[in-house]
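Visitor: Could you work out the structure for the sequence below:
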Amino acid sequence: MLGVCYYPEHWPESIWQQDAQEMRQLGLKYVRIGEFAWSKIEPRDGEFDFAWLDKAIATLAAEGLQVIMCTPTATPPKWLIDKHPDILPVDIHTGVTRGFGSRRHYDFSSENYFNQAMRISEVVAKRYGQHPDVCGWQTDNEIACHDTTHSGSLVAKQAFQLWCQQQYADIDSLNTAWGNIFWSMEYQDFSQIELPILAVTETNPSHQLAYRRFSSDQVIKFHDEMVKVIRKHAPNRFVTHNFIPLVDTQTDNFALAKDLDFVSYDNYPLGRSDMFFKHMPAEQYKPYMRTGHPDFSSYSFDQSRGVSQNNFWVMEQQPGPVNWAHHNPRPEKGMVRLWSWQAFAHGADCVCYFRWRQVPFAQEQMHAGIKRNDNSKAAAWNEVSQMRDELAKVNFSIEENVAAKVAIVTGAHSQWVTEIERQGDSYNHQRVEFGYYTALRQLGLAVDFISVDHDLSPYSLVVAPCLPIVSAEFVAKCQRADAHIVFGPRSGAKTPELSLVDNLGPGLLQQLIPIKVLSTETIRPDCSEVMTYHGESFESHCWREELELSEDVITEAFYHDGLPAVARFDKTSYIASLTCEAFLKTYFANLCQQLDIVMTELPKDVRIVHRGQYAFVFNYGAKAKQLPKVIQGEFVLGSADLAPYDVAVIKQAL
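Guide: As a prediction, this is how the structure comes out:
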């Protein structure tokens, strides 16, 4: 299924019918509208204009298109800001109020905005909740984007004080939990609590973690109520939300998604690659400048599938150059099609392209669409047309799922801890996790992303690249699991309040592997050292822990000075250093052989994933690649000689 994001309010009504007709001809089925239209729907307080929106829906429906309606809460109008100035958030880095004039200019702690957002959501949901041509709903838009989870406002401080009182009951308990005796930081009353921002030097890490938990709870409270409003008035319609990369929301996304029918994701491989891989030398980055890294999109697709605990949608797919990254290259010819197939292969049920037509005005005028602003067909048109024809040929069922025997344990708390207590500036939680992920994907393995609350029984290998805070419940779950479990450095080192564990790291994980972390050092990334494994030399860099092992623990890899770098006991491994992709790939390959997990040796820049009876193979390289003979079946698309930036779909025997 294919769809598109459309803004009828940006275009004269005289071209709506032609747009709808061309959408149908292009094979599009779904059209998302309305997420930024509050000022058009309600131009003045209490005055509503639905005539244009009714006509737009009717025009789209006349061509057989189904509408995804949005709550317009990502862009509160100027009259509302003037009426309730406390809606505006305060920047936590400067203390300056973030003003009107773009989007997402609201504070999750503003009661006035909470009430107004639910009011407009209910107004729209009442009118279109049971409309026969509205098939589903999207809440807000890219919630928490642009660093908007946190606010330094007075209303945020007051809400945080109340949250702390509810969490800790009495002020002495809070002082003890946070260790406020340090630096004379003790409070005598909850009303004295400040936000952990704008201080002379670093603020208490426990205070910072509490503030992040509070801020995440505020987002979830806001979103949960919006979902309730929609469901009340739109029975038998799906409700989703279009997430940005999960690390960017500063929110517990597993909790945020719990009441949705499925998760949607906005996929911009080039725009986000420019920022994610900015540390990478040019000679390594340039081959992927117009394609994105072979594992970058799938990293987010697999996370989306994990948070959704089901299949997912791509609500926005990049069709050409974007406007918001540091640099905005055009996609290599064929990549819009490749990204679309990659989404379906990793569990997407629908891909919607952003946007129908490039807009000639305002902030996104340099952002490409399927059509150019002069209404001519842009480069992506032919690739979307090709997708239409190929989907009919492949004809796989959306009931078919990705089946993985390997899982990565992830979660917001791990990210928060590593951001609050950096210890080494070169440690980046997302890049560490991505390093583990890409090593597994280069072995042809499907990967699920799970939280500590998920069932481990489907998996033979479970990997936790960084899990600083672990619970007794999770440890017990690991003890019961049949899977081999691999922990990365920092795991188990912190209490839930972000203090050091009493028995040294890895804390409660000592019940799984009897080791102790005696000390931790962080070193510059250009000062890496040798780590040896099975007689081969690899890299230890940035983060290194000194281990003490009990006599039953096996040392599997050694630092340059002969001390243990990787320890193993029974069905648990602990990697005590940040290391290179080559080591992770070698180590996981050996584990998979021991665990009878089937791998596929792939040429460079080639990836494979299975969904149902189909194998999907992608060539991110600039040269044709010969596929391994072990990949057998009927080629529905492509061939064993896979062209550059091309896709092969292989139907395999059940």
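
Visitor: Give me the phi and psi for the residue nearest to Asp266 when sequence neighbours are not counted.
Guide: Across the structure, with C-beta to C-beta, 6 or more residues apart in numbering as the measure, the residue nearest Asp266 apart from its sequence neighbours is Glu316 (3.9 Å). Heads up, the C-betas are built off the backbone N, CA and C, glycines and all. In terms of degrees, to the nearest 10, the main-chain angles of Glu316 are phi -140, psi 120.

Visitor: Just to check, Glu316 is in contact with Asn267?
Guide: Yes. Between Glu316 and Asn267 there is a contact under C-beta atoms under 8 Å: 6.8 Å.

Visitor: More neighbours: the two, which one.
Guide: Using other C-beta atoms under 10 Å, the more surrounded residue of Glu316 and Asn267 is Asn267, with 28 against 24.

Visitor: tell me the SS of the residue of the chain positioned farthest from its centre?
Guide: With distances taken from the mean C-alpha point of the chain and given as C-alpha atoms, centre = their mean, the most distant residue is Glu551, at 41.0 Å. Here Glu551 takes the coil state, with states given by DSSP: H, G, I helix; E, B strand; the rest coil.

Visitor: same deal with Phe618?
Guide: Judged by three-state DSSP, the three-state class of Phe618 is strand.

Visitor: Which residues are in contact with it?
Guide: When contacts are counted by C-beta atoms under 8 Å, 6 or more residues apart in numbering, Phe618 touches 294, 338, 341-342, 345, 606-608, 646-647.

Visitor: if you set the cut-off to 6 Å instead, what comes out?
Guide: Contacts for Phe618 (C-beta atoms under 6 Å, 6 or more residues apart in numbering) come out as 338, 342, 607, 647.

Visitor: before we move on, what about Arg490?
Guide: Arg490 sits next to 466, 468 when contact means C-beta under 6 Å, 6+ apart.

Visitor: give me the element it is part of.
Guide: Following DSSP states H and E, there is no helix or strand that holds Arg490.

Visitor: re earlier: export the contacts of Phe618 to a markdown table and tack on distance to Thr203 and neighbour count?
Guide: Conversion of the contacts of Phe618 to a markdown table gives the following (distance: C-beta to C-beta, whole Å; neighbours: other C-beta atoms under 10 Å):
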| residue | distance to Thr203 | neighbour count |
| --- | --- | --- |
| Leu338 | 45 | 22 |
| Gln342 | 42 | 26 |
| Arg607 | 42 | 20 |
| Val647 | 49 | 22 |
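
Visitor: returning to that earlier point: any idea how far Met275 is from the residue nearest to Asp266?
Guide: Using C-beta to C-beta, to the nearest Å, one obtains 17 Å as the distance from Glu316 to Met275.

Visitor: same thing with Tyr559?
Guide: From Tyr559 across to Met275, the span is 33 Å (C-beta to C-beta).

Visitor: Same question for Arg431.
Guide: From Arg431 across to Met275, the span is 12 Å (C-beta to C-beta).

Visitor: again, but for Gln21
Guide: Gln21 sits 38 Å away from Met275 when distances are taken as C-beta to C-beta.

Visitor: Same question for Gln479.
Guide: Gln479 sits at a distance of 40 Å from Met275 (criterion: C-beta to C-beta).

Visitor: Ser639 too?
Guide: Counting by C-beta to C-beta, the gap from Ser639 to Met275 is 36 Å.

Visitor: related to what we said a few turns ago, so Tyr559 and Met275 - more neighbours on which side?
Guide: Residue environment comparison for Tyr559 versus Met275 gives the larger neighbour count to Tyr559, 20 against 13, counting by other C-beta under 10 Å.

Visitor: residues in contact with stretch 588-601?
Guide: Residues from elsewhere that reach stretch 588-601, judged by C-beta under 6 Å, 6+ apart: 405, 439-440, 443-444, 460-461, 484, 608.

Visitor: and what of stretch 83-95?
Guide: Residues from elsewhere that reach stretch 83-95 (C-beta under 6 Å, 6+ apart): 81, 97-98, 105-107, 110, 112-113, 150-153, 155, 197-198.

Visitor: Closest one to Pro287 out of the residues you listed, please.
Guide: Of all the contacts of stretch 83-95, Pro287 sits closest to His150, with 36.5 Å by C-beta to C-beta.

Visitor: Contacts only, for that closest one.
Guide: Per C-beta under 6 Å, 6+ apart, neighbours of His150: 92, 215.

Visitor: what do you get if the cut-off is 7 Å, keeping everything else the same?
Guide: Residues touching His150, when contacts are defined by C-beta atoms under 7 Å, 6 or more residues apart in numbering, comprise 92, 215, 250.

Visitor: Quick check: Leu440 is in a helix.
Guide: Yes. Note on Leu440: a helix contains this position according to three-state DSSP.

Visitor: tell me the contacts of it?
Guide: When the contact criterion is C-beta under 7 Å, 6+ apart, the partners of Leu440 are 406, 447, 588.

Visitor: what does Ala493 give?
Guide: With C-beta under 7 Å, 6+ apart, Ala493 has these contacts: 468, 501, 505-507, 517.
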